[in-house]
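Undergrad: let me see the structure of the following:
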Amino acid sequence: MFPILLLALGLDDRPVVGILTLPSIEGLPTNHTYLPASYVKWMESAGARIAPVRFDAPRDELRALADSLNGLVFTGGSNDIFDPDSGKPTPYFDTALFLYNIAAAKDPNALRLWGTCLGFELIASFASGATTSDTFLGHFDAENITLPLDFTAAAARSRLFGGAPSSTMKDLSTLPITMNEHNRGVTPVSVAKNSAIRVLATSTDRNGDEFVSALELVDSPVFATQFHPERPAFEWFTDRAVPHSSAAVGAMSYLASAFVASTRARKPKDFASAQAEQDALIYSWPATDTRAASDYYEQTYFFPMFPAA
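TA: Residues are numbered from 1 along each chain as shown. Below you'll find the predicted structure:
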């Protein structure tokens, strides 16, 4: 199995990666969706252009945009994916599932997909068929903590870590440089018999409970980490356990480069026009300073919600 860096070498030098926006939460503007700027910077640092994918957009617009993207990112977030009152999937969950089904096709040219934290939990749930109730995810004490990774035997031959320098693998496995901000997660037992999921690494929370921290799908270009690789280089809140060492920044930079390299191997449909491509990109939207409104995000992009259908 070739590392994704080698598979993607030289195929596309102008990849466009979409990032799915999130529903607004307390403290942020209402009637808007939002996108933490750290995810934009993380992907841009590896050579991708960014297109916001507004979760409340009409399905035909989402489909057309997805067809023109090289890759897609599901971010972390504190949002509910099942309504706490009704127990039903939220609109955000439904949109993520719609896009996941595009990416999870058994097709070498399928849309590349990355998930972080909440995005990881969505991908693991979808791949396990857990799409109707909030019973799949376990509970963990892993908020605001940095941890090392315990790699599985599959990691060395995986598409995600197979091309990593030995120094990066050593840093990830021996140093607490993955930043975790979650109280839900996936137990290794819950996916042990799932042939669609390749578990690449686990970590242990404050109570000694083990959770899956990195995975990829066996037959689709889909990757996910429970930890936050976008934060070490781009988020600086002093009350959060974000590591800023060269080892942390280097390891998280590798993950961005590995994913963007995989997106270069996809040949998406052309945008309808050069102007349509320009209009899809993030450059038309300003990043807002949200240090006073958020404990997590230095800068945030906001997008007005689409009118209700």
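Undergrad: does L97 sit in a helix, a strand or a coil?
TA: Secondary structure assignment for L97 (DSSP: H, G, I helix; E, B strand; the rest coil): helix.
Undergrad: next one: I50
TA: Under three-state DSSP, the three-state class of I50 is strand.
Undergrad: so it makes contact with I19?
TA: Yes. Between I50 and I19 a contact is recorded at 6.1 Å, counting by Cβ atoms under 8 Å. All C-beta spots, glycine's among them, are computed from the backbone N, C-alpha and C.
Undergrad: which residues do those two both contact?
TA: Residues touching both I50 and I19 (Cβ atoms under 8 Å, 6 or more residues apart in numbering) are 40, 43.
Undergrad: ok, and the closest non-adjacent residue to the residue positioned nearest the centre of the chain?
TA: The centre of the chain sits closest to G115, judged by Cα atoms, centre = their mean, with a distance of 2.5 Å. Nearest non-adjacent residue to G115, counting by Cβ to Cβ, 6 or more residues apart in numbering: A224, 3.8 Å away.
Undergrad: relative to the helix or strand hosting that neighbour, what are the paired strands and their orientations?
TA: In the assignment (DSSP states H and E), A224 maps to strand 222-225. Strand 222-225 pairs in its sheet with strand 112-116 (parallel), strand 210-217 (antiparallel), by DSSP bridges.
Undergrad: okay, those strands, which one's buried deepest?
TA: Counting by mean count of other Cβ atoms under 10 Å, strand 112-116 has the highest mean neighbour count of the strands paired with strand 222-225, with a mean of 29.
Undergrad: work out for me the element A110 sits within.
TA: Counting by DSSP H and E, A110 is part of no helix or strand.
Undergrad: confidence score at it?
TA: If you check A110, the pLDDT there is 95.
Undergrad: now it: how far from A104?
TA: Applying Cβ to Cβ, to the nearest Å, the value for A110 to A104 is 7 Å.
Undergrad: overlap in contacts of the two?
TA: Common contacts of A110 and A104 (Cβ under 8 Å, 6+ apart): S220.
Undergrad: and those two? which has more neighbours close in?
TA: A104 (21 against 17; other Cβ atoms under 10 Å).
Undergrad: in this structure that one contacts S220, no?
TA: Yes. Counting by Cβ under 8 Å, A104 touches S220, with 4.6 Å between them.
Undergrad: mutual contacts of these two, please.
TA: 110, 113.
Undergrad: so where does I19 fall, helix or strand?
TA: Taking DSSP H and E as the criterion, I19 maps to strand 16-20.
Undergrad: in the sheet, who's paired with V199?
TA: Counting by DSSP bridges, V199 is bridged to L215.
Undergrad: what's near enough to touch it?
TA: Residues in contact with V199 (Cβ under 8 Å, 6+ apart) are 152, 154, 188, 191-192, 212, 214-215.
Undergrad: contacting residues around stretch 97-114?
TA: Stretch 97-114 has contacts (Cβ under 8 Å, 6+ apart) with 20, 53, 59, 62-63, 66, 69-74, 89, 122-123, 126-127, 131, 217, 219-224, 259, 262-263, 265-268.
Undergrad: could you pick out the buried ones from those residues?
TA: Neighbour counting with 16 or more other Cβ atoms under 10 Å marks 20, 53, 62, 66, 69-74, 89, 122-123, 126-127, 217, 220-224, 259, 262-263, 265-266, 268 as buried within the contacts of stretch 97-114.
Undergrad: in strands, which of these fall?
TA: 20, 53, 71-74, 217, 222-224 (DSSP state E).
Undergrad: for the residue nearest to the centre of the chain, name its beta-bridge partners.
TA: Here G115 sits in beta bridges with F74, A224, as judged by DSSP bridges.
Undergrad: ok, back up a step: I'd say the residue nearest to G115 and C117 touch.
TA: No. The criterion here is Cβ under 8 Å, and A224 misses it with C117 at 9.0 Å.
Undergrad: which strand in this protein runs the most residues?
TA: Criterion DSSP E: the longest strand present in the chain is strand 138-147.
Undergrad: wait, Y39 sits on G18?
TA: No. Y39 is beyond contact range of G18, at 10.8 Å (criterion: Cβ under 8 Å).
Undergrad: which residues are in contact with both of the two?
TA: Jointly contacting Y39 and G18 under the rule Cβ under 8 Å, 6+ apart are V73.
Undergrad: just to revisit the earlier point, can you say which of the strands paired with strand 222-225 is nearest to T174?
TA: Closest approach to T174 among these (Cβ to Cβ): strand 210-217, 14.7 Å.
Undergrad: spit out the contact partners of the closest residue to T300 other than its chain neighbours.
TA: Excluding its sequence neighbours, the residue lying closest to T300 (Cβ to Cβ, 6+ apart) is T290, at 4.3 Å. Taking Cβ under 8 Å, 6+ apart, we find T290 in contact with 28, 297-300.
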